[in-house]
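**Student:** the amino acid sequence is not available; the structure is as follows:
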């Protein structure tokens, strides 16, 4: 079999040219926003490419690492932890981190995500080991703050920043969960009884306050009624006294006028005679003076002799 040497050489040069074209296109990089490309030149760190258009040297430069600079969420798998009172609980969480230094994230640690998860788990175990079971449910913020503090210290060398760490679930054993539910139910019943007793107490206080207020209102009303009656009677007496005084003043003025005394005598005589007529008609006894002369003189003095 005869092999055409020129054909082989042409094929080799064609393959080399094809590979060169591929490498040439691969050397052109378009970096998206919030991304960073780590470029190595001949196996050594050369540059960090930010967002935009970049051209590399074929066969010499290579993009070794690509980092997303946006904040990302990493789930922390469930793990078993022992509280200070020797209760086994299962805890899982979530970490929110972002890459701040792409170079350190590439060369400072093999896998910063895996390292952050492991450090978060170990820190969570150590913190829960210092707390009682009841406090682990109340001190979630303390646990999260401690994990963030430890991860921030390590993140300075890993080129990452831990924004926050949240505990998703703290799951105790089934027996402990049942005991806690019974405790919660007992506490709820105690609060219900306490609330009911407080309600009864307040109801009785309100009822007694109402009776007291009603009694006070009635007594004040009765007192005001009596005061009003007394003031009315006093006003009536003052009005009668004023009218009597005015009538006496007018009578005195009439008597002091010319002929006033004679008119008074006449009026008194008429009233006297009317009284005598009334006594006679009613069958009552009439007492007359024993000396009729004196009686006639008194009649003459009063000007009643003619009327008789």
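**Tutor:** Received it, and whenever you're ready, just let me know what you need. Fair warning: this is a prediction, and the values are worked out from it, not measured in the lab. Numbers count the residues shown, from 1 in each chain.

**Student:** next one: phi and psi at residue 69?
**Tutor:** phi -90, psi 0 (degrees, to the nearest 10).

**Student:** wait, doesn't it sit right on residue 34?
**Tutor:** Yes. Between residue 69 and residue 34 there is a contact under Cβ atoms under 8 Å: 4.6 Å. The C-beta positions use only the backbone N, C-alpha and C, and glycine is treated the same way.

**Student:** the two - which one has more neighbours?
**Tutor:** residue 69 (17 against 14; other Cβ atoms under 10 Å).

**Student:** which residues in the stretch 151-300 of the chain form helices?
**Tutor:** 174-256, 260-281, 292-302 (DSSP state H, counting those that start in this stretch).

**Student:** for the stretch 51-200 of the chain, give me the ranges with low pLDDT.
**Tutor:** 176-177, 179-180 (pLDDT under 70).

**Student:** pick out the shakiest of the helices of the stretch 151-300 of the chain, pLDDT-wise.
**Tutor:** Ranked on mean pLDDT, the bottom entry among the helices of the stretch 151-300 of the chain is helix 292-302, at a mean of 54.

**Student:** next one: stretch 183-193 to chain centre, how far?
**Tutor:** Taking Cα atoms, centre = their mean, to the nearest Å, one finds the center of stretch 183-193 at 24 Å from the center of the full chain.

**Student:** measure stretch 153-163 end to end?
**Tutor:** Using Cα to Cα, to the nearest Å, the end-to-end distance of stretch 153-163 comes out at 12 Å.

**Student:** buried residues in it?
**Tutor:** Of the residues in stretch 153-163, 154, 155, 158, 159, 160, 161, 162 count as buried by neighbour count, 16 or more other Cβ atoms under 10 Å.

**Student:** okay but the third one is in contact with residue 109, surely?
**Tutor:** Yes. With contacts defined as Cβ under 8 Å, residue 158 counts as touching residue 109 at a distance of 4.7 Å.

**Student:** find residues that contact each of these two.
**Tutor:** residue 115 (Cβ atoms under 8 Å, 6 or more residues apart in numbering).

**Student:** check contacts around residue 71.
**Tutor:** Per Cβ under 8 Å, 6+ apart, neighbours of residue 71: 96, 97, 98, 163.

**Student:** may I ask which of those residues has the most neighbours?
**Tutor:** Going by other Cβ under 10 Å, residue 97 tops the contacts of residue 71 with 22 neighbours.

**Student:** and the angle from the helix or strand containing that residue to helix 174-256?
**Tutor:** Assigned by DSSP states H and E, residue 97 belongs to strand 88-99. Strand 88-99 runs at 80 degrees relative to helix 174-256, counting by axes from the mean of the first three to the mean of the last three Cα atoms, to 10 degrees.

**Student:** in strand 88-99, what counts as buried?
**Tutor:** Result for strand 88-99 [16+ other Cβ under 10 Å]: buried residues 89, 91, 92, 93, 95, 97, 98, 99.

**Student:** got a list of what the fourth one touches?
**Tutor:** If I follow you right, that is residue 93. 75, 76, 120, 124, 144, 147, 165, 166, 167, 168.

**Student:** buried subset of those, written for ChimeraX?
**Tutor:** What follows is the ChimeraX syntax for the buried subset of those, where burial is set by 16+ other Cβ under 10 Å:
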select :76,120,124,144,147,165,166,167
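
**Student:** widest-spaced pair of the contacts of residue 93?
**Tutor:** Across those, the longest distance by Cβ to Cβ is 15.0 Å; it joins 75 and 144.

**Student:** can you pull the domain assignment for the protein?
**Tutor:** 5-67, 72-172, 262-308 (automatic domain parsing).

**Student:** which residue is nearest the centroid of this protein?
**Tutor:** With distances taken as Cα atoms, centre = their mean, the chain has residue 195 as the residue nearest its mean C-alpha position (19.8 Å).
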